[in-house]
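1. Show me how the following folds:
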Amino acid sequence: MNVDLKAAQEAVELITGGWRAQCLHTAIRMGVPDHIAAGRTTDHALAEATGARQEGIHRMMRLLVAMGVFEGEGQGGYRNTAVSRVLLDQPDSLRDMCLLYGEEFYTAWGHAYEAISTVTAGFEVAYGEPLYRYLSHHEDANGRFQRAMKAGNLFFDHVPEAFDFSGRTFVDVGGGIGQLTAAILAAVPDAHGTLLDREHVVPVAADNLAASVGLDRVELVAGDMFEAVPQGRDVYLLCRVLAGWSDDAVVGVFENCRKAMAGSASRLVILDRVVVDEDSTVLPALWDLHLLMTNGGRHRTVEKFTELLGRAGLDVERVTELPAETSALIAAPRTAG
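-> Have a look, this model is predicted:
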């Protein structure tokens, strides 16, 4: 039998991808990048620092050097690379993303067959309850989740470049702890913001905003975007809050925003990952399937967003690309005729 060796090699690379992810997760769980940054750069020193056997450390590091996570030095030493430096235990690191994805989310992906077959969240199959309910009573996992989400919001500082907030009032609908609100207010001195989120989230957002940009240009409102949003603002922002909800529920949120707008000059700005069905690259398709594994959600195409916005009386004016596979869809209220 003639075997296509190149295709076989590519298949093996795919088949063993989970091993690579778990090896990286183990190194991050052990704090290896931080130990190397602190000068513990040999197998022996890393074994002492982590409590692991030296042979295990050596074999793990051999793979991670081959993967480009670390670089080898003479006499069995190692140094960090750009990849391992973004995994150090420091603010805005991807460390907690690696830990979360290597533990709870890795377990959820272990139920991919059931999730794909039934379009049911793999996490719920694995843990017997939805993701957000699980996080509500697992403090450690919730902390990792919140920090991982924060690290994934690398595009926030670029939002004021995609839309002009100068002299405008805006509502950050489902604004969480206020990172996006803070980024806009910091970049646009004459903008005024309102953050809407659940009652238990608002005090956390208040503390975060007070520490970052102050509270003199921001109002905090406890509420539910599916019921109503604050009235009379110029801009309504929906940042990564739609993926876990049905089309009808999303249309309801769009309708609430349209009804609340100050006038025809108001805009709805959706900040989200989008997918394409033709010539898709790997990451957007992967993020979409990951949503199915974790909370049963999905990413939508620009065409689907356009359809749902149209049902709510809104038209897409333009689409702007942002970092971290994020798109900004700017929609205007439809005028009569």
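2. what number of residues lie near Gly252?
-> 17 (other Cβ atoms under 10 Å). (C-beta placed from N, C-alpha, C; glycine too.)
3. let's number from 355 now, not from 1
-> Sounds good: first residue 355 from here, last item Gly606.
4. For the spatially closest residue to it that is not a sequence neighbour, grab phi and psi.
-> Leaving aside its sequence neighbours, Gly606 sits nearest to Phe580 (Cβ to Cβ, 6 or more residues apart in numbering; 5.9 Å). Phe580 adopts backbone torsions of phi -80, psi -10, taken as degrees, to the nearest 10.
5. you'd agree Phe580 is up against Phe608?
-> No - taking contacts as Cβ atoms under 8 Å, Phe580 lies outside contact range of Phe608: 11.1 Å.
6. More neighbours: which of the two?
-> Phe608 (23 against 13).
7. Look at the more buried one and tell me its secondary structure.
-> helix (DSSP: H, G, I helix; E, B strand; the rest coil).
8. Downstream of the helix or strand bottoming out on mean pLDDT in the chain, the next helix or strand is which one?
-> Least confident helix or strand, the chain: helix 493-505 with a mean of 84, by mean pLDDT, DSSP states H and E. Where DSSP states H and E defines the elements, the next helix or strand beyond helix 493-505 is helix 513-516.
9. and that following helix, average pLDDT?
-> What helix 513-516 shows for mean pLDDT is 95.
10. The residue lying closest to Arg571 once chain neighbours are set aside: how many residues sit nearby?
-> Nearest residue to Arg571, sequence neighbours excluded (Cβ to Cβ, 6+ apart): His546, at 4.9 Å. Number of residues near His546 (other Cβ under 10 Å) recorded here: 18.
11. domain assignment for this structure?
-> Here the domain parsing of the chain from automatic domain parsing is 359-439, 449-504, 508-687.
12. So which residues of the stretch 505-654 of the chain form helices?
-> Assigned by DSSP state H, counting those that start in this stretch, the stretch 505-654 of the chain shows helices spanning 513-516, 533-541, 556-566, 601-614, 636-649.
13. Adding distance to Leu441 as columns, could you present those helices in JSON lines?
-> Formatted as JSON lines, the helices of the stretch 505-654 of the chain follow (distance: least, Cβ to Cβ, whole Å):
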{"stretch": "helix 513-516", "distance to Leu441": "26"}
{"stretch": "helix 533-541", "distance to Leu441": "21"}
{"stretch": "helix 556-566", "distance to Leu441": "24"}
{"stretch": "helix 601-614", "distance to Leu441": "34"}
{"stretch": "helix 636-649", "distance to Leu441": "18"}
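14. just those helices: most buried one?
-> helix 533-541 (a mean of 22; mean count of other Cβ atoms under 10 Å).
15. Distance from that one to the middle of the chain?
-> 17 Å (Cα atoms, centre = their mean, to the nearest Å).
16. Now that helix: average pLDDT?
-> Rounded mean pLDDT across helix 533-541 is 96.
17. For that helix, which helices and strands make contact with it?
-> Packing partners of helix 533-541 (3 or more Cβ pairs under 8 Å, 6 or more residues apart in numbering; DSSP states H and E): helix 513-516, strand 523-527, strand 546-551, helix 556-566.
18. Mind listing residues that contact the second one?
-> Looking back up the chat, that one is strand 523-527. 532, 534-535, 538, 545-550, 579, 583-584, 586-593, 595, 607, 611, 614, 616 (Cβ atoms under 8 Å, 6 or more residues apart in numbering).
19. quick one: strands adjacent to it?
-> strand 546-551 (parallel), strand 589-593 (parallel) (DSSP bridges).
20. So, low pLDDT: which residues of the protein?
-> Across the chain, the ranges flagged by pLDDT under 70 are 355, 690-691.
21. now do 80
-> 355, 428-430, 504-507, 690-691 (pLDDT under 80).
22. What segments of it are strands?
-> For the chain, strands defined by DSSP state E occupy the ranges 424-427, 431-434, 523-527, 546-551, 572-576, 589-593, 621-626, 668-676, 680-687.
23. Tell me which of those strands lies nearest to Asp561.
-> The closest of these to Asp561 is strand 572-576. By Cβ to Cβ, the value is 10.5 Å.
24. how near is the residue nearest to Gly606 to Thr535?
-> 20 Å (Cβ to Cβ, to the nearest Å).
25. Ile531: how many residues sit nearby?
-> Ile531 has 20 nearby residues by other Cβ under 10 Å.
26. I figured it was touching Ala560, is that so?
-> No - between Ile531 and Ala560 there is no contact under Cβ under 8 Å: 9.4 Å.
27. so who does Ala576 touch?
-> 550-553, 556.
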